[in-house]
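Trainee: Just need the structure, nothing else, for what follows:
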Amino acid sequence: MQTHRESAIEAAVNTASGIVISWGLTMWLFDTGAAQSMSIVMIYTLVSVARSYFWRRIFNGRLCRRDI
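Mentor: Residues are numbered from 1 along each chain as shown. Next comes the predicted model:
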């Protein structure tokens, strides 16, 4: 079972790997500047980290209770 800290680190690393891709795609697909594009990406990134952490804790807790 993962600790809360390990879950948060995993979610952050997973999402951080998507920052570069998202930023590049936003710059390529839309007519935005670098700063505006990064602002959009950071908002989605923060939401993604929170969402990943939330679901990880829910599923991790239920799977551990099932093993007992």
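Trainee: distance of the residue nearest to A34 when sequence neighbours are not counted from Y44?
Mentor: Distances taken as Cβ to Cβ, 6 or more residues apart in numbering put M27 closest to A34, at 6.8 Å, once the chain neighbours are dropped. C-beta here means a position set from N, CA and C on the backbone, and glycine is covered the same way. Per Cβ to Cβ, to the nearest Å, M27 is found 14 Å from Y44.
Trainee: And the strands in this structure?
Mentor: In chain order, the chain shows no strands, with DSSP state E as the criterion.
Trainee: Run a quick neighbour tally on the residue nearest to S52 when sequence neighbours are not counted.
Mentor: Leaving aside its sequence neighbours, S52 sits nearest to A11 (Cβ to Cβ, 6+ apart; 3.6 Å). Neighbour count of A11, defined by other Cβ atoms under 10 Å: 20.
Trainee: list the contacts for A11?
Mentor: The contact partners of A11, by Cβ atoms under 8 Å, 6 or more residues apart in numbering, come to V49, S52, Y53, R56.
Trainee: Now for the last one: which residues touch it?
Mentor: Contacts for R56 were tallied using Cβ under 8 Å, 6+ apart; they are Q2, S7, E10, A11.
Trainee: same check, this time on the second one
Mentor: Shown here is S52, whose contacts under the criterion Cβ under 8 Å, 6+ apart are E10, A11, N14, T15.
Trainee: just N14 next, same as before
Mentor: S52.
Trainee: same thing but 6 Å
Mentor: Listed by Cβ atoms under 6 Å, 6 or more residues apart in numbering, N14 has no contact partners.
Trainee: Give me the distance between it and T32.
Mentor: N14 sits 25 Å away from T32, going by Cβ to Cβ.
Trainee: again with L25
Mentor: 11 Å.
Trainee: the helices in the protein, which residues?
Mentor: Remark: helices assigned in the chain by DSSP state H are 4-29, 34-67.
Trainee: Buried ones in the longest one, by neighbour count?
Mentor: Neighbour-count burial for helix 34-67, with 16 or more other Cβ atoms under 10 Å as criterion, is recorded at S37, M38, V41, T45, S48, V49, S52, Y53, R56, N60.
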